[in-house]
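> Got a predicted structure plus its sequence, pasted below:
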Amino acid sequence: LVEKDDFAAGTSGRSSRLVHGGLRYLEHGDLGLVRESLRERGTLYRLAPHLVRPVPMYMLAGDRRHRALYRAGLTVYEALAAGRNIGYHQGV
């Protein structure tokens, strides 16, 4: 508790330079935060396209149910992006 929100709070997340659209917020049902993250990412892409590029990520799902949930979540996420997405998900 002593180190909570000290001068080094969040430094690893801030130094990663990862620009995300808030997919984790979608999982928790916070659509407003997802839209805000997408808007910020779109602004950064518009102002500095040389700094923003898609990075492939792998989502591991053990069974069909989890794969279907991931696909459904990514489809909803892409719909919320409304054409402002840099790329689209690909299933394997």
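Sure thing, it's come through.
> Leu74 is in contact with His89, isn't it?
Yes - here Leu74 reaches His89: they are 4.2 Å apart, a contact under Cβ atoms under 8 Å. From N, CA and C alone the C-beta is placed, and that goes for glycine too.
> so which strand or helix has Gly32?
Secondary-structure element containing Gly32, defined by DSSP states H and E: helix 31-47.
> any idea how far that helix is from the chain center?
10 Å (Cα atoms, centre = their mean, to the nearest Å).
> Quick one: neighbours of Val34, just the number.
22 (other Cβ atoms under 10 Å).
> Could I get the pLDDT score of the closest residue to it other than its chain neighbours?
Distance criterion Cβ to Cβ, 6 or more residues apart in numbering; nearest residue to Val34, sequence neighbours excluded, is Gly22 at 4.4 Å. You'll see Gly22 listed with a pLDDT of 72.
> Go through the helix holding Gly32 and flag the buried ones.
The neighbour-count check on helix 31-47 (16 or more other Cβ atoms under 10 Å) flags 34-35, 37-38, 41-42, 45 as buried.
> Turn those into JSON lines, columns for pLDDT.
Conversion of the buried residues of helix 31-47 to JSON lines gives the following (pLDDT from 0 to 100):
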{"residue": "Val34", "pLDDT": "84"}
{"residue": "Arg35", "pLDDT": "84"}
{"residue": "Ser37", "pLDDT": "83"}
{"residue": "Leu38", "pLDDT": "82"}
{"residue": "Arg41", "pLDDT": "81"}
{"residue": "Gly42", "pLDDT": "81"}
{"residue": "Tyr45", "pLDDT": "82"}
